[in-house]
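1. all I have is the shape, not the residue letters:
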């Protein structure tokens, strides 16, 4: 069985390889690259997506967002079997900050700007900083 981290990284890299030509700035796993990702999701959200398109977009873009968060702020991946999706967890064992990027991308596509991706990842960073000062801190950012 393949490693979850390897799967997320490979999916993110494939997304970059397949989509880079459609972006003005490089998809370089920087925090700044999330602005263009959010704009793209806003444009996709104004179109009619089938369930398969919604799932495929959520997983591919979600893996890129996970990797931006992990490479810039740390964390490790875990698979939530009941939800059939990965989560990124920072702070173990002292504290836990959990994000669900696939779910957030789906929300951005369906609900629009209220599920802003750069704001979401900024929240991940902020909660990690809180956790560093509060042992036992636990939050899942949805």
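-> Yep, it's here. None of the values given here were measured: they were computed from a predicted structure. Residues are numbered from 1 along each chain as shown.
2. below-threshold pLDDT in the chain: ranges please.
-> Regions of the chain meeting the criterion pLDDT under 70 cover residues 1-2.
3. try 90
-> In the prediction, the chain carries residues with pLDDT under 90 at positions 1-2, 20-26, 43-49.
4. all strands of it, in order?
-> 76-80, 85-90, 96-99, 138-141 (DSSP state E).
5. CSV for these, including distance to residue 109 and mean neighbour count?
-> Quick note: C-beta positions are derived from backbone N, CA and C, even for glycine. Listed next are the strands of the chain as CSV, based on distance: least, C-beta to C-beta, whole Å; neighbours: other C-beta atoms under 10 Å:
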stretch, distance to residue 109, mean neighbour count
strand 76-80, 20, 13
strand 85-90, 15, 20
strand 96-99, 17, 23
strand 138-141, 18, 14
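6. want to throw those into TSV with distance to residue 38?
-> Converted to TSV, these look like this (distance: least, C-beta to C-beta, whole Å):
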stretch	distance to residue 38
strand 76-80	22
strand 85-90	18
strand 96-99	15
strand 138-141	16
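7. residue 60 is nearest to which of those strands?
-> In terms of C-beta to C-beta, the element of these nearest to residue 60 is strand 85-90, at 12.9 Å.
8. how much does that closest one deviate in direction from strand 76-80?
-> Taking axes from the mean of the first three to the mean of the last three C-alpha atoms, to 10 degrees, one finds that strand 85-90 is oriented at 150 degrees with respect to strand 76-80.
9. other SSEs contacting strand 85-90?
-> helix 51-73, strand 76-80, strand 96-99, helix 101-111, helix 117-133 (3 or more C-beta pairs under 8 Å, 6 or more residues apart in numbering; DSSP states H and E).
10. recalculate using a threshold of 6 Å.
-> Here strand 85-90 touches helix 51-73, strand 76-80, strand 96-99, going by 3 or more C-beta pairs under 6 Å, 6 or more residues apart in numbering; DSSP states H and E.
11. please look at residue 68 and residue 28 and confirm they touch.
-> No. If you go by C-beta atoms under 6 Å, residue 68 and residue 28 don't touch, sitting 9.2 Å apart.
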